[in-house]
Structure formats: structure tokens, C-alpha cells
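J.: Okay, predicted coordinates and the sequence, questions at the end:
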Amino acid sequence: MITEIGTEYVKNMIKAGKRFDDRGFEDLRELKIERGYVQNAEGSAMVTLGETKILVGVKMKVGEPFPDSPNEGVLMVNAELGPIASPDFESGPPDPQSVELARVVDRGIRESKAINTESLCMEPGEKVWTVCVDIHVLNDDGNLIDASSIGAIAALLDAKVPELNEDGTMNRENMKKKLEISQIPVACTIHKIAGKMVLDPNLREESAVEGRLTVTSMDSEKLCAMQKGGECGFTPEEVYKAIDISIKKGGEIRKKHFGA
Amino acid sequence: MITEIGTEYVKNMIKAGKRFDDRGFEDLRELKIERGYVQNAEGSAMVTLGETKILVGVKMKVGEPFPDSPNEGVLMVNAELGPIASPDFESGPPDPQSVELARVVDRGIRESKAINTESLCMEPGEKVWTVCVDIHVLNDDGNLIDASSIGAIAALLDAKVPELNEDGTMNRENMKKKLEISQIPVACTIHKIAGKMVLDPNLREESAVEGRLTVTSMDSEKLCAMQKGGECGFTPEEVYKAIDISIKKGGEIRKKHFGA
Amino acid sequence: MITEIGTEYVKNMIKAGKRFDDRGFEDLRELKIERGYVQNAEGSAMVTLGETKILVGVKMKVGEPFPDSPNEGVLMVNAELGPIASPDFESGPPDPQSVELARVVDRGIRESKAINTESLCMEPGEKVWTVCVDIHVLNDDGNLIDASSIGAIAALLDAKVPELNEDGTMNRENMKKKLEISQIPVACTIHKIAGKMVLDPNLREESAVEGRLTVTSMDSEKLCAMQKGGECGFTPEEVYKAIDISIKKGGEIRKKHFGA
Amino acid sequence: MSVKQEKLIVNGKRPDGRKLDEMREIEAKAGVIERADGSGFFRLGNTIAVAAVYGPKELHPKHLLDPVRAYVKCRYNMAPFSTTERIRPGPSRRSTEISKVIKSALSSVLFLEEYPETGIEIFIEVLQADASTRCVGLNAASIALADAGVPMKDLVASCAAGKVEGQIVLDVAGEEDCEGEVDLPIAYVPRKNEIYLLQMDGIVKKEELKKALDMAIKGCKVIYDKQKQALKCEYKEVKAK
Amino acid sequence: MSVKQEKLIVNGKRPDGRKLDEMREIEAKAGVIERADGSGFFRLGNTIAVAAVYGPKELHPKHLLDPVRAYVKCRYNMAPFSTTERIRPGPSRRSTEISKVIKSALSSVLFLEEYPETGIEIFIEVLQADASTRCVGLNAASIALADAGVPMKDLVASCAAGKVEGQIVLDVAGEEDCEGEVDLPIAYVPRKNEIYLLQMDGIVKKEELKKALDMAIKGCKVIYDKQKQALKCEYKEVKAK
Amino acid sequence: MSVKQEKLIVNGKRPDGRKLDEMREIEAKAGVIERADGSGFFRLGNTIAVAAVYGPKELHPKHLLDPVRAYVKCRYNMAPFSTTERIRPGPSRRSTEISKVIKSALSSVLFLEEYPETGIEIFIEVLQADASTRCVGLNAASIALADAGVPMKDLVASCAAGKVEGQIVLDVAGEEDCEGEVDLPIAYVPRKNEIYLLQMDGIVKKEELKKALDMAIKGCKVIYDKQKQALKCEYKEVKAK
């Protein structure tokens, strides 16, 4: 449990311009992406951001399209901020934090049109591929949204589309066709601590976050999703500044880790 | 929370022949029915009974008939005595009070054969209309069963049947066909407080109710449903008296509010 | 609630070689099997083992086969250690004890291939019989696994397969065809109390059980399932001894109660 | 579904040979579930239920408990194999409603104020269903409560009347159940002449309802005697031990 | 699905005749749910929501309560009949997320530290949906909190801007909603010039986003005034009684 | 389904080249989940699991806690993408049973009486599944408990033997798993020579079972050494820091 004293300590550090690991306010922790971690998944990526560890898996299954988009495959994003990563976990309906995490990542992918959903249609109105992206948090040391967003797009880029056998079963042995991904949306979240804008807080710093703004960018020009969290407000100017920082960081991540 | 003292106070009032708003024991509070309240519903009615407010919506959807009645549409009644109307609400499986409310209203409609279910069959055994009646309690100031029963039949009388487009989707733009309703079942509940028979208690009075008997009548002769609640018993003579009162009141409501 | 003192008392009895009802360690309580108890079930058996009472019912329904076994009927075993038999019951997801009970019984039947599942196929890949075995515990006086296992196979032996009418509905009036059962798997559980191996404990004895090993045997040679429970370990030699006892007891039960 | 030409009731005789006001065979027992504080078994023709009572006892969560009277928990449940079509385990809307009305009816006769801050649990299992399961379950539970020694004003007895082919009959069952036009289950205490459960489905005239209610009350009186007898037997057996 | 040849926006006029920066008609009321400690009603065109507030009050289970501030519970719910397709009752992932962001936005303006160890419950029901249901729900809830007398720094006002056929417009609704390229709902407090809720969907350039945000802020100011007015009316009515 | 003509085991060699009593490659690590009080990683061929331990710590609801010993909570879970067909998140009957038997096996070696009124939480996540997931999960959890410093009598090691084409083999995997006739997973503590988990599926003769049990015990001894090594490495790393 994080105490009041703990959050005061973090705030005082930030006010003094310091962070635990001597990073600058706009520096990320070390980011590692290990693609193809899970053999049974059609695509996967283990993301390590500092000590935050998230495994994202992509599974393809045959399903029906939604009635209002009969020619398109279906995207499903699910997050499990399970007990392994959060000791105060209670079983039951999905907790709001997991739901928000999944939905913010989902919107980044969906709204950017990163996946060519029409290429996932097998029989219009009848049979399409459903792409299931499962975000599995293994260690929560803060900034789950950004790490999950990066993991999700990395896993999708790793994903292959199975062949269908004549009897309708899937052939996973010989998967040559890659899932078509045309965009690399990257979420970058600006956190306000003691009134300062800070990137990529660890769990201790996160306990002192007063508000956050996630901006998912596609390139140096275009955004595709935003989400504010926390109780502290942002002035319009702060929103614009947050967008600028996020676009810049998103570009750096795309370049360094996705060669884009 | 209603205290023991509160219920004693109500009982003493009733014993003295008095009610909070100077009504007689067999008088209802002011009843208002506003049909067509919700544009997106196929039928709807906002019912105000004193300060009790209930919004009932009817939605039609295409479904399958039950195997033992392949030529008949399906009726579904659901009640949500949600948190907005009841502060002690807990999320989870439907609470017994909501379930009873829905089922008593359901039986009134179903048993009276108010809906011509055969007119809702599109393809025998394959495709029928399912009529969903949703009872949404907005403010609970007592006597939910009677108010819901009135709201449900009012919403059904307001309801129209959508056309089906050639591709099987619904056309809600141009709904001319009314849902066929042949009966107007009205529930009237007799409440025993301090041994007296009282109609339409408000929430404070309801806290002192020892037993209740709901009688759903179709006309001056015929009943179609009854439900006893509460722990206090009724002698056979009291049951007969309750039936007489309910039939009389039901007739008044049908005449004044349904022109029947 | 069973107290610490209670379990100590039981352990001391067992150490002294005694049991409540003067049985030997390897003696079962009186076993009664009443087949055909429930008219509406396709097969049923009421099992009384001492004061433990379990009613097992078999229902047949038309379903789809699993994709990987298109020519085989489906077996489903469910146990309800409901509130009637266990006062500390809480409603909610199935409790681990009920789940284990059902799964141990299920494995005994499934792995022994007692049911000829291919005889339950009506249309390959499309339509097969699903055999639902429901274990309904009425009084828990210990040793539920063994009693349920006996009840399940007895109910299956009692079961008949309905005819299908031309319109696909079931004809239960004239059921002549028996469900084909080729094996009689019997579970026998060895319980360790105070280091001794004891059979068929009642509830008081069960509170002192340190570990248990269920062995489901098919005949004097072959086993088809095993399950260890409880925290106390078994040495390999103890396992072998347990197997010998179980095979012997299983044989006795098969002979006496199943004429096999 | 199928076209039935034949009448169910012919010359005042019903499909199973009963007269219009005749009940099915009754079997009642107490003390069938040893682990419970009290238990009961009730059979009416082919409808069979058992009930167990635990308490008055501690209950969780604490904030549910009532400082002035015992909290009654009641669960009516049908075994999955009790009906022609298998029933999925777990509560349904139907069983939730029936649990509620049975709970009210039984609470009517309990001295709950004698056990504040405790819980009394009543569990009913329908083992085989051929109409009137709520009545049979209530009858078993009533025996169970008495068997548990919970102080009661009286036993509650329950049965149903109905209308079949326009005629008022007692204890509708079997084929009649599918064709029944009206169902009127009640619970009744003879000594008080009071009705504690009453539900009615189907179109009925006032006079018909009176006739049906009268008939059901007479049925309850028969059942009440059987319940008493079952408890006496149990008591004798205990004494004999 | 259907092929739409016609443009939605013609000569700066939108399908329902509004200008690009024009909001739909607003109706705001306080005190509509008598049983609640506070309540509000808000209508924006055809989108209608009511909200009720209970508390500060006791809550279970106890260990959820916060020793230094009030615990806020917030539930956004759509009535099953509020949309074209019936919605299954019960929480969905969508409503769970919206409940969370509304809860954060409203908590921003509450003096929660004044009520440690208590709970404040906010319940929002969308009765009819034609876009911007989260904004309309939040506006109703904001009125309800003030009506309940919960100490607030200020009222929160909420509305959305969007992009339709490449143009930035205020308060997307009706036909525009299906075709909308971008949705930007915000919640805003004029006096503080701060944004408490902000979500965005759809591809948008930085400059477009600024324009949309400006427009949404102007919309919030209009709504804020309507909220104030509603509370004044309520207050007058109370005085008049 | 498909007709397999070829034998899986040819000249004592298995499909992946192993001998009959040979285990797959093992990788074991401690301290992989920093937030947990203890954690472990275990890989056996293509089956991978991680485990975290939290506690001894406070737990809710209070009435679950045991006044004489720690309450152990154990959850075995498979990641949705760990298998060929995606698994729906949430507990299944299978995972409920496995959680129960793993919990018993691990509780066997814990000094629970030293921590009354507290809870110890063990969470196991299978990240990739190629047979023996319960064994691999248990092995990871055993490391995690030691890593958390929870006092243990000893480490528990787990592996499975089976029967394939009539032959007893150690650590069934891959193609063998589909064709396997018998599966015998056990958990074992070498120093005590005691078995704490044992399950068996499939038709087997007594003598075959003995042979399989012997083989599984030998396998457990190998695993036990790997677990020890992993903990030593962790300990060295900590000292080195």
C-alpha cells in the first residue's frame, strides 16, 4: 500500500526537478520489445518498460462479422490486470482499470485503421477473422497504458493469418500470410505530478499522479485517440503542450523500435 | 432507512383513519400517463403516481419462437429497480423485488392474452417478433406494482411494429402498424396496514405494510392474475373483499386513462 | 463447525484402532442403491452410504458433438454440493469442492470408456446425444466422492435413450433402448487419519483426514483414474498399498451391487 | 401442439381417475436430512421435495443481520433432472420469485423476534416435478421448521386448485397441467383461517375463484393433518430410540 | 451501409438546420427524483438523462471506505429502450469505462476530504440516446450534486465537438453521428479554465483538434449557464413553497 | 481425427528425439516479477509459467481468515493466447480444480501455523502450454514461495509420466500429448520421499502405474535440483548487487 507520506515524498522530488532514476521529466525508462515470445499465439510481444512487464498475444479465430460491417474482420482487445501483477486484485467482473486499459489501446488501433479489416473478410456477412489482442500484465511498475499500446501494435506486426483447411479447420502449421498492418499508432501519456508534466512514471511516482492525458499519435501530424484520466484538470494550453510532447515521443518510439 | 418509530407512526395514523395527504383508504394518488416519451422505443409511457415515477419502454426485436408455440411471438418483461430509485441497491444478480415486480406485470399481460401473439409470427417455427417490455423505475415513492402494470399496458398500447426490409433489417422510420392489444389488464394492490385495507401507499406508508394482495382484473367480471406478498395473512373473506375493491378501481382506471 | 478438539478426539480414536460405529478401518458403511428414483430422469439412483445421501440423475439431450470427435456423443458431469447438504454454502461460482467432485467422477466414467459414445451419434458432426449426469448431494455425512462415483454409474446403468420423433422432438414415453455401458468404474478413496489408512469416513472422521487418495478401478487389474487430495503426503509404498485396497474394495462393490 | 380431441374430464372423473375435489396421494416425513437442524420430505403424487433448515445461527455478511428479528434466507431449487427438459443449475427468475413468496409465507408463522441478530436458512429441493412444486416444497419446509424446533405459531399447509375444461378442480397434475386454464396455489393455516401464499394465473370469474379458493383450503386441511402425523411419527421414533 | 450520395453539410447548414458551431436545444432541471438527496435532468436535443445523488452516507463493505476522503461511486447506465437496438440490462465494458471517466471528472470539483469514511453515490440513467450521452449524463449529474448540497468548487459542464465531412462542428447528432469522423467529448469548468474529461476518437490533425477543443469549450460555457439557471429555478421554487 | 499410420516411438526414440525416460529442456529462474514478494519462472520445453507470491498479508473478507493458520489462496490461470485455441479469460472448471490440487500440494510444505490470521496468495500464469502446465506452474510457484521467504519444509517439484503407444514415458509433450493413453502428473519432495499431488487419467495396469510413478519421481528429482540452482543464482545476484 502506498501511503500519504510516500506520495508527498514523490511530489517533493518532482518539485525539485528530480526522479528516482535520475531521468529527465520527458525521458522513458529502458524499453525492450521481444516479438514472437509465445509459439501458440499468431503474434506476440513481451514488452519491458523499466520493470513493467507486459505480454501481449494475438489470436485469430473464425467468426461472424458485425451486421453493420459485413465485409470486415473484427478486432477485440482485452486486458487482464490480473492478480499476479496487482496484489489487491479481486475476482469478479472486469475492474474499471482493466477495462479502460483495453479500451484505450483498442481505440488507438481501431481509429488509426492500423488493421486492414477488409482483408480479414472470408465470406461477406458470413465468415471473417476475429483478431483477439490479449494484454497480459505480468508486473505493474507503472505506465501500463503506454507499455500496452506498444505491446499491442508490436504483437499485431508479429501476427500471421492461418490458412483454412478444406473442412473449415485452421491450419497453423504453415502460416505465411502476415496480418496487414498499415499504421503504427503509439500512445504516450503525460502525467501531472505536483503540477509538472512527467512521462513514464514508475509505480511509486504513479501514486502521486494527479491527472494524466494519453495521446495516441500516428505520425508527426495526426492523432487518432486521446484519453484523460485522474482528477486534476488540464488547461487547454496544457492539452496542446501534452499533444506536442506525445507526438514527439511517439515519433521517437516508432523510429527506434518499429523502424518507421 | 425507515425506523421502527416511523412505522409505528404510520400505523397509528391509519388506525385513526388518516393518511399523509388526506386521501381516503381507497383513493389513489394523482395518476399521469405520458405516452411516447422515448423516441427510440417502439412504444413507451412515463407514469407518475404521486411521486412514484416509472418509465416503461417497449422494444421489438426479431427472434425465434419457443418450440412449444411455433406460431406465436414472445413476450419478455424486465424490471430494473435500479440504484437511481433505491439507494440500498447492490449490483449483482437481479434482486427478488425486481424479479417479482417484472413477473407480476408479465403475468397480468400474458394471462389476459392482451397481446395477440399470433399476429407476431413472421415464419412459423423460425421467425417471430419478441416484444421486450422494460420497466425502469426512476423514483420509488411506493406502490411500484400498480404503477408498473399501468405503465406496461400504456406502453404496449403506444407500441408500433416495425417493417422488415428485404435484407432482414428493421425499418423503424415508417412504422404504421400498431401492436395488436385486445385487453387492458390493470393491477390493483390492496395493502394491509394496522389491519386496514389501504390502496396506493407512498413509501412511508409502505414501510408499515403488513401484507398485500395484488389483483389484476380485465373487466368487471374477470381476473387474470393475483399475487400475495408480505407476511400478514388474509382470511378468505378479506381476499374476496380485496377482489371487489380491485375490480372497481381497475374499472375506474381503465375508464379514465384508457377510455375503456 | 468442527473444532480442533473434535479432530483431536477422532485422531486419538483412530490411533487406538477404533471408529465411531465399531467398523474396521477398511469397512464401508451400509450401502444402498435405489435405481429409478426419479421418473422424469432418463436414469437415476439414490445412493445411501451410512447417512450420506446422494441422488444422481441422468438426462439426455440432443446436442452437437465436439469438433475433434464428430462421431461421438458428449458426457457432462455436474455436482451440486448445494446448501441443503452444507450449511456454509455461499451462492456464486461453483465452489472448488463441487468442481473437484464432478471432475473426479467424470474422469472415472470417461477414462474407463464406460459409455459407448459412438453409439450416441445420430448425424456425424451434427447431432449427437449429450448425457448429463447430475450429482445432487442431499446429506453430506462424509465420503462424497465414493458415494457419487457409485451413484453415477448406477444411474447410467439405469438410463434409457429416448426415441426421436420425426419433427426432432424427443419421445420419452416409450423408451426401450438402454444406454450402452460396458464398464463399471468404481472409485474408492483411502483416507489418512493419524497416519492410518481408513475407508469411508463419516463427516466427523473426515474433519480429521490429513490426506486422501482416490483410486478408480475397472477390475482387479486395471485402474482408470486417480486423485490425491489433502495436504498430507503419501510415500510411493503408501500409494501402492492404497491401490491394492481400492482394487479389492472396488471389486467387492462391483460384485455385490452391480453383479459384475 | 398436437390436436387433442378427447376430453380430459369425463363424467366427473379425471385422467388419473380422481374426482374433481380429490387430491393425489400424499407422503410426508420428518428428519430425512440428518446433518440439518430440521428436515422434511413431502410427496404429492409424482411431485417430490425435500427441505432442510439450519439455524437460528450466525450469518455473514454481518450487516445483513437484523437487530430486532432473525433474518430468514429461503432458497427453492429444482434438481436439474426433476423435469422432462433438464434445468440448468443455478437460480432462475422463476425460482427467485418462488423463493420470495415461500419465504414470506413461512415467515408469517415464525416468532422471528425471539432470535434477533441471527439467521434461519431454509433450503428446498424439488427432486421430481409434476405440478405444484412450490406447494410441495413449502409443505416439506414447514415440516422441516417444526422438526428443527424453531418456534412456530402453526404449521403452514399448501396446495393448489385450478380450472380444467371449465371445471374447478383440486390439485391439477399430469396431463391436466398442460391444458390447465387457471392455477391457484395457496398456503393456509387452518386454525387461523388465514392465507399466507396466494398466486393466480389465468382468466377466471369471481365466482369461480371463490369456488377454487374454497377447494384449495379444503385441500390444505388434509395436508395439514398429514404434516402433523409426520411430525408425530418422527417424535415417536426419537422416543423409541 | 446504404450508399449516401448527398452531402450532410450544405452551405454551412447541417442536416437539422444548425450552424457548424450551434448546439442542439437544451433543457435542464433540478430536483426531479424526490427520493434522492439531489437530482438533475438534462436534455440536449433528443438525448435525455437523469441523475440522482445519495450521500454523503454510510457504505458497505466498510474496508472500501477511505479514511481521508469520501469514496465516490458512479454508475452510468443506458435504459434498455434508449437506443434503436435494445440494450441488455447490466454493466458493459463501455458503460464501465464511461462511469470511470465521469467519476474522475466529477470528483475533481468535490471537496471529498470534508467527508472521510463516507460514500457519495452518483447514478446516471440515459433515457434516450442521440449521441453525447456521456456529456448529457455528466451535466445531469453535476446538477444533481449541487442539488444535493454536496460542497463543490464549481459546476462541471460537458459537451462534444466533432468532425463531419472534414469540417469541425459542435455537438454532433442524428445522421451526422453515423458519418462522424472524429468525436471529442470534454468536461470543462469555465471559471478555472480547466478540462476534467477529455476523450477523442478518430483521425485528426493537431490544428483541427485545437479548433474542435475551442468549439467544445464554448459549448460548455453555454451549458454551464443553463445548469446554473436550472439550480436557481429549483431554489426559487423551494422558496416559493 | 486424421489417420496416423506412422508410429510415434521408433527404436526407443520419441518424436522430438528424446529417450523414453528423458525430460524436455528445463529453465528455472527466481525473482522475475519485481512487485511480488516472491516470484518464479519455469520452462519445460515449450511449456512456460510464471508465479508470484504475495504475503503473508492482510486479507478480506475477514471472516475467511483462520485463527490458527495462514489462509492460502491459489489461482492457476492460463493466458488466453497460451494454447492453440484462444481461452476465454476467467476461471473454468478445469482451472478451479487445478488451483485446488496445487494449493493442497504447496500447503503441505508451508509452516502455515506460524502466520495465523493472515493470507498467502499464490498466482500462477501459464504463458505457453505444451502439456504438463500444472506441473510447470507448480514448479514456478514453489520457487516463488521460497523467493518470498515464506518458511518451507522443502521445495516441491512436479512432473508427469505417461503411456504412449503402450510404453511408459517421462514428460509427455507435443504430438505424444494428443495420442497419450495415460497421464500421471505428480508433485514430490525428494528428502521426504512423499507425493503431494497425484492425478491419473487413462487405463493402466497396476504394474505400469508403478513404473510410471517411479519414472515421474526420478523426473521430480531432476527438477528439484534445477529449482535449487535457480534460487542460488538469485541469491548470488542479490549478494552481488
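T.: Right, received. Where do you want to start?
J.: For the rest of this, base every contact and every neighbour count on C-alpha atoms.
T.: OK.
J.: Residue numbers of chain D in contact with chain C?
T.: D:33-36, D:51-54, D:79-86, D:123-125, D:127-129 (C-alpha under 8 Å from any C-alpha of the partner chain).
J.: Can you flag which of those belong to strands?
T.: D:51, D:52, D:53, D:54, D:123, D:124, D:125, D:127, D:128 (DSSP state E).
J.: among these, which two are most distant?
T.: D:54 and D:128 (23.0 Å; C-alpha to C-alpha).
J.: just to revisit the earlier point, reformat the ones in strands among the residues of chain D next to chain C into TSV and put distance to residue C:169, pLDDT and neighbour count next to each item.
T.: Shown next, in TSV, are those (distance: C-alpha to C-alpha, whole Å; pLDDT from 0 to 100; neighbours: other C-alpha atoms under 10 Å in any protein chain shown):
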residue	distance to residue C:169	pLDDT	neighbour count
D:51	34	98	33
D:52	37	97	35
D:53	40	97	32
D:54	42	95	25
D:123	34	97	26
D:124	31	98	30
D:125	28	98	26
D:127	24	98	27
D:128	22	98	24
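J.: of all those residues, which comes closest to chain E?
T.: Using C-alpha to the nearest C-alpha, residue D:54 comes nearest to chain E of those, at 25.6 Å.
J.: what's across from the closest one in the sheet?
T.: When assigned by DSSP bridges, residue D:54 has beta-bridge partners residue D:121.
J.: gap between it and residue D:96?
T.: From residue D:54 over to residue D:96 the distance is 20 Å, taken as C-alpha to C-alpha, to the nearest Å.
J.: related to what we said a few turns ago, using a markdown table, please lay out the ones in strands among the residues of chain D next to chain C together with distance to residue E:63.
T.: Formatted as a markdown table, these follow (distance: C-alpha to C-alpha, whole Å):
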| residue | distance to residue E:63 |
| --- | --- |
| D:51 | 36 |
| D:52 | 34 |
| D:53 | 32 |
| D:54 | 29 |
| D:123 | 31 |
| D:124 | 34 |
| D:125 | 36 |
| D:127 | 41 |
| D:128 | 44 |
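J.: Tell me which stretches of the stretch 1-150 of chain A form strands.
T.: A:31-35, A:43-49, A:52-63, A:74-80, A:121-123, A:127-139 (DSSP state E, counting those that start in this stretch).
J.: Which of the ones you listed sits closest to chain E?
T.: Each of the strands of the stretch 1-150 of chain A has some distance to chain E by C-alpha to the nearest C-alpha; the shortest is strand A:74-80, at 10.2 Å.
J.: what angle separates the closest one from strand A:127-139?
T.: Between strand A:74-80 and strand A:127-139, the angle comes out at 20 degrees (axes from the mean of the first three to the mean of the last three C-alpha atoms, to 10 degrees).
J.: Low-confidence bits of the chain, can you list those?
T.: Looking at chain A here, since you left the chain open. A:1-4, A:88-92 (pLDDT under 70).
J.: you looked at the wrong chain, it should be chain D
T.: D:1-5, D:237-241.
J.: How about the contacts made by the residue most central in space within it?
T.: Relative to the mean C-alpha position of chain D, the nearest C-alpha, by C-alpha atoms, centre = their mean, is the one of residue D:135, at 2.3 Å. The contact partners of residue D:135, by C-alpha atoms under 8 Å, 6 or more residues apart in numbering or on different chains, come to D:157, D:158, D:159, D:160, D:185, D:186, D:187.
J.: Walking through chain D, point out its strands one by one.
T.: Taking DSSP E to define them, one finds strands in chain D at D:26-30, D:38-44, D:47-57, D:71-78, D:119-128, D:157-164, D:167-170, D:182-189, D:194-205.
J.: Pull up the pairing partners for the second one, direction included.
T.: Using DSSP bridges, the strands paired with strand D:38-44 are strand D:26-30 (antiparallel), strand D:47-57 (antiparallel).
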